[in-house]
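Student: coords please:
(2 chains)
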Number of protein chains: 2
Amino acid sequence: MNKQFEKKELKKKSENLSDWYTDVILKATIADYAPVKGCMVIRPYGYALWESVQEALNRMMRTAGIENAYFPLFIPMSLLEKEKEHVAGFSPELAVVTIGGGEKLKDPLVVRPTSETVMYDMYAKWVHSWRDLPVLINQWNNVVRWEKRTYLFLRTTEFLWQEGHTAHETEKEAMEMVMQALDWYRQVYEDYFAMPVVMGRKSESEKFAGAKTTFSVEALMPDGKALQGGTSHNLGQNFSKSFEISFQSREGTSEFVWQTSFGFSTRSLGGLFLTHGDDSGLVLPPKIASIQAVIIPIFKNEQDNEQLIAYCGEVRDALVGQGIRTRLDDRDSQSVGRKFNEWEVKGVPVRLEIGRKEMEDRSVTMARRDTGEKIVVERKEMLPRIEKVLEDIQTSLFAKARKHLIDNTRDATSFGEFEEIMKTTRGFIRAFWCEEDSCEAAIKEATKAATRCLPLDAENETGACVHCGKSATHRWLFGQSY
Amino acid sequence: MNKQFEKKELKKKSENLSDWYTDVILKATIADYAPVKGCMVIRPYGYALWESVQEALNRMMRTAGIENAYFPLFIPMSLLEKEKEHVAGFSPELAVVTIGGGEKLKDPLVVRPTSETVMYDMYAKWVHSWRDLPVLINQWNNVVRWEKRTYLFLRTTEFLWQEGHTAHETEKEAMEMVMQALDWYRQVYEDYFAMPVVMGRKSESEKFAGAKTTFSVEALMPDGKALQGGTSHNLGQNFSKSFEISFQSREGTSEFVWQTSFGFSTRSLGGLFLTHGDDSGLVLPPKIASIQAVIIPIFKNEQDNEQLIAYCGEVRDALVGQGIRTRLDDRDSQSVGRKFNEWEVKGVPVRLEIGRKEMEDRSVTMARRDTGEKIVVERKEMLPRIEKVLEDIQTSLFAKARKHLIDNTRDATSFGEFEEIMKTTRGFIRAFWCEEDSCEAAIKEATKAATRCLPLDAENETGACVHCGKSATHRWLFGQSY
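Tutor: Numbering: from 1, shown residues only, chains lettered A, B, ... in the order given. All right, here's what the predicted structure looks like:
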């Protein structure tokens, strides 16, 4: 995977976040621009991260009895139009197939922007009785939402995601699923990506087209902009009424099902890169890194090479045996300096340097990617030490990101203060809001910041809307967004 | 997953294979017709089989250093046209996006029918030196090839597959990869699906559009028709010349890379269902079955139920602990008879019946799906016995399918004999062929049978073409195909 690594000066994160971001993704061979406008290629080193996300989320979803399935890529335009708010929300972003097998299609096919409509048409066929509930289905697939201005991972016309779609007897049960999915997303961010998130409810104007209520996890990027990290929707009976998904209840009455949907996409990886990287490249948290430790032999003279490679192999086998994802970089086509640079750009958490000295002392030199700190460890202490270091890196990346979130979440009591913050530091603002769409729109017009969510832990309070002064009952979280 | 099981008389495989096939796939909740013409929904019980295939092939590909990645769904029409034979082969089957984000596109986008062109455009960007080789990339995705007449799994407009695409310094190395991939496909069929296959080379008219040589694995269905089970292509330098994928060799000269591509699709599952099923439903080989053993408690009176469920739970835990994929069907909304029927239709290899008698004797009654045979086994002997039974089922399904293949592979020395076989029993025919396209076309016109492949183990012989009598050097394998 490291074959196409390009040695050239990396742009500096500390100077220009956006330039650095694109540059590091390309240089670390995470992804590349595709020959199709608005699309990208996810290269093996980047795709391995997505496979780790799949593994983690599959494991969580399985505990709730959710099973994977596959529904078609194409949705007949006529089907998409069944739920009015839904089609209104998505129609500006659609890619439409009008020719199939050389002929013009009578009913054009939309490339799925999301699968509610095509899935629920089937649910209506499958669900008849309470015995058929709950329906607990997820799919991993590709979706298309046309974008004019795109950005690697964060905004691409095609992206990969999982979309869970469940149907229940009661709204209570549906709501439990909504919150469970939201918490899975929090876990992926906090436990794997080492990124703290705020869980909350979206405002009416920001909710999913067709949902009763939308919840999200929101993360804060280094430039003070927010990233919506995943959404979980209480669909109520909006779709079940449009698609006639009804069932005979335990009491014998005919009822519409209560539904949820929730999605987590490759967009999340953009947040991961932005959050932890530094001027030397990516910094990947050990729990998500596909390579946790890279071993680099320091060749000096030809006689020793064979012995050195043998010792490096022994170290690698010991680490792999302990479940540590390890790569031995024994290429002789690259210099040691270039290898150091390459694996730094790629953000591998721990580098093990092994030269003649280490071989003779039966030790290894361990370098942490996050702090640059180097320590010499005896071979026999290596396994517990490296496990500890990997844990430390994970914890300290999270702590650092958490500090950034806390330091950059500010209360604003006047609109002047609100505007000032958004003009200078940005970040999250906690402020009272009257919950009127028009007021939210005016705030956004003036500051580019909209509501991100009403945090789940927000208290009931009484205050005056930060913009219009009308009475308000909660402090919402505001921010500019990607 | 068994929620939507429908109790209705299943059509008989022994009476009408095609009607049975569709019926059993729907009733076993493997798949369903989608609201989009030519597409289908793969339901959780069917998708789990595909996940097993993914796991098996990923494991094999990893041993050769192949890594997963993701390339875009859309291919600009102009890019697809770069390799002339390739575009000519695929153009009648394309789905074309002409509208994006509400606007008519200047360069229409093709929904990938396969990804050679979009991938190789990137390879040209990534490969510069022999140090960048080999490129070993695979992707799991969805592709679209427009079909007029469709058939669940076997022929659908959209299907899922993996496509491996490698680039090498030498043709020798590329050919090793071609044969390695072909052998992986053989392993999936023979070791997991319990289906024997013939490995061979396709004729010029049947090879992949743009390939130098195509190899395939071919299976024989119960009705005597052949199923192409997976293909592996030596692309030579056809694409590397069109896409200018060149590299500086170890000798310092500029060379074009040698390429391969190989694909295995959800089509294979259609062959699996056709091969082993019987009048009572599917029969799934244990190595691929997502549920290998189902436990059904035989409730008699309410007092015993709790104890019975506890005993069944103990049995389940023991089996799961041994790595046997087990489901305890303790639903009280379904009768025992209906459960038996349902799991039979779904083809679960082993059913464990546990009633009051078994509980008191500390035993289980084990029923084999393939033979219907029932045996009572003591609890303490259960683990080794069930492992043995699962192995026996796997072996005996393969032996039965192998016998069918051998019994239905016939030599034809005259065209009269050839026609007679294709009119009556069908199956594979081994016959001399002159290797002229026109002669192959004439045979197909007269008998609906074309060459399937030249088996890898075919000997060099001298004979007369079964159709035109001209001199021929090999016996080819012929068959009608799905």
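Student: so A:Ala431 touches A:Val466, yeah?
Tutor: Yes - using CB atoms under 8 Å, A:Ala431 is in contact with A:Val466, at 3.9 Å. Every C-beta, even on glycine, is put in place using the N, C-alpha and C of the backbone.
Student: give me the common contacts of these two.
Tutor: The contact sets of A:Ala431 and A:Val466 overlap at A:412-413, A:418 (CB atoms under 8 Å, 6 or more residues apart in numbering or on different chains).
Student: and those, which is the shakiest by pLDDT?
Tutor: When those are compared on pLDDT, A:Thr413 comes out lowest, with 94.
Student: in three-state terms, label that residue for me.
Tutor: coil (DSSP: H, G, I helix; E, B strand; the rest coil).
Student: is it true that it touches A:Val466?
Tutor: Yes - if you go by CB under 8 Å, A:Thr413 and A:Val466 touch, sitting 7.1 Å apart.
Student: about what we covered before: between the shared contacts of A:Ala431 and A:Val466, which is closest to chain B?
Tutor: Among these, A:Phe418 lies closest to chain B (CB to the nearest CB), at 33.1 Å.
Student: which parts of the strand or helix carrying the closest one are buried?
Tutor: Using DSSP states H and E, A:Phe418 sits in helix A:415-423. By neighbour count with 16 or more other CB atoms under 10 Å in any protein chain shown, helix A:415-423 contains the buried residues A:415, A:418, A:421-422.
Student: switch those residues over to CSV; also include distance to chain B.
Tutor: As requested, those are exported to CSV (distance: CB to the nearest CB, whole Å):
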residue, distance to chain B
A:Phe415, 35
A:Phe418, 33
A:Ile421, 34
A:Met422, 29
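Student: what does the stretch 151-300 of chain A put close to chain B?
Tutor: Residues of the stretch 151-300 of chain A lying close to chain B (CB under 8 Å from any CB of the partner chain) are A:157-158, A:160.
Student: from those, which land in strands?
Tutor: The strands in this structure, assigned by DSSP state E, contain A:158, A:160 from those.
Student: and which of the residues of the stretch 151-300 of chain A next to chain B is nearest to B:Phe273?
Tutor: Taking CB to CB as the measure, B:Phe273 lies nearest A:Leu160 of those, at 28.9 Å.
Student: what about the closest one, neighbour count?
Tutor: A:Leu160 has 21 neighbouring residues, counting by other CB atoms under 10 Å in any protein chain shown.
Student: wait, it sits on A:Asn141?
Tutor: Yes - the pair A:Leu160 / A:Asn141 is scored as a contact, 7.3 Å apart, by CB under 8 Å.
Student: which parts of the stretch 301-450 of chain A are helices?
Tutor: Using DSSP state H, counting those that start in this stretch, the helices of the stretch 301-450 of chain A run over residues A:302-321, A:336-345, A:356-361, A:382-407, A:415-423, A:437-447.
Student: how about the longest one: buried residues?
Tutor: Using 16+ other CB under 10 Å as the burial criterion, the residues of helix A:382-407 that qualify are A:382-383, A:386-387, A:389-390, A:392-394, A:397-398, A:401, A:404-405.
Student: partner strands of the helix or strand hosting A:Asn141 and their direction?
Tutor: Using DSSP H and E, A:Asn141 maps to strand A:135-144. With DSSP bridges as the test, strand A:135-144 is paired with strand A:67-68 (parallel), strand A:158-168 (antiparallel).
Student: highest mean neighbour count out of those strands?
Tutor: Mean neighbour count (mean count of other CB atoms under 10 Å in any protein chain shown) peaks for strand A:158-168 among these, with a mean of 23.
Student: let's see the following helix or strand past that strand as CSV, backbone CA atoms only.
Tutor: Using DSSP H and E, the helix or strand that follows strand A:158-168 in sequence is helix A:171-187. In CSV, the C-alpha atoms belonging to helix A:171-187 read as follows (Å, rounded to 0.1, in the frame of the first residue of the first chain):
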residue,chain,number,x,y,z
GLU,A,171,-43.1,4.5,19.2
LYS,A,172,-41.5,3.8,22.6
GLU,A,173,-39.6,0.8,21.1
ALA,A,174,-38.7,2.8,18.0
MET,A,175,-37.4,5.7,20.2
GLU,A,176,-35.2,3.2,22.1
MET,A,177,-33.7,2.1,18.8
VAL,A,178,-33.1,5.7,17.7
MET,A,179,-31.2,6.4,20.9
GLN,A,180,-29.3,3.1,20.8
ALA,A,181,-28.1,3.8,17.3
LEU,A,182,-27.0,7.3,18.3
ASP,A,183,-25.1,5.8,21.2
TRP,A,184,-23.3,3.4,18.8
TYR,A,185,-22.2,6.3,16.8
ARG,A,186,-20.9,8.1,19.9
GLN,A,187,-19.0,4.9,20.7
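Student: what helices or strands is the next helix or strand after helix A:171-187 leaning on?
Tutor: Counting by DSSP H and E, the next helix or strand C-terminal to helix A:171-187 is strand A:198-201. With contacts taken as 3 or more CB pairs under 8 Å, 6 or more residues apart in numbering or on different chains; DSSP states H and E, strand A:198-201 sits against helix A:171-187, strand A:213-220, strand A:450-455.
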